[in-house]
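1. A structural model of the following input is requested.
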Amino acid sequence: MARAEREAIRLGCHSTWTDTFSFQARGFYRKLGYRVFGMLDVPPAHRRYFLRKRFKRPYSVPQPVGEQV
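-> Model (predicted):
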């Protein structure tokens, strides 16, 4: 996950989001700094959580891949 987040930051992403169910990996994502921003009561007797993580702003804005300045 850390490697994927570093690559996302390198490419200029400011945040990421994912979703999981109450019977899956919500705790895993919370330990990585993700916070719940939405929830649905589906499927029956469970919940679907939407989580996001905002990245710290880099000191310089990277150039888009494949573009030269």
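
2. How about Ile9, nearest residue that isn't a chain neighbour?
-> The spatial neighbour of Ile9 that comes closest, neighbours along the chain excluded (Cβ to Cβ, 6 or more residues apart in numbering), is Phe55 at 5.2 Å. For every residue, glycine as well, the C-beta is placed using N, CA and C.

3. Count the residues that sit near that neighbour.
-> If you count neighbours by other Cβ atoms under 10 Å, Phe55 ends up with 15.

4. With Thr16 as the reference, measure out to it.
-> Distance check for Phe55 against Thr16: by Cβ to Cβ, to the nearest Å, it reads 8 Å.

5. Beyond the helix ranked longest in the chain, next helix or strand please.
-> Looking only at the chain and at elements set by DSSP state H, the helix with the highest residue count is helix 2-10. Scanning forward in sequence from helix 2-10, with DSSP states H and E defining helices and strands, the next element found is strand 15-21.

6. which parts of that next one are buried?
-> Thr16, Thr20 (16 or more other Cβ atoms under 10 Å).

7. I'd like to know which elements that strand is packed against.
-> Using 3 or more Cβ pairs under 8 Å, 6 or more residues apart in numbering; DSSP states H and E as the contact definition, the elements that strand 15-21 packs against are helix 26-31, strand 48-54.

8. Name every strand pairing with that strand and say which way it goes.
-> Strand 15-21 has these partner strands in its sheet, going by DSSP bridges: strand 48-54 (antiparallel).
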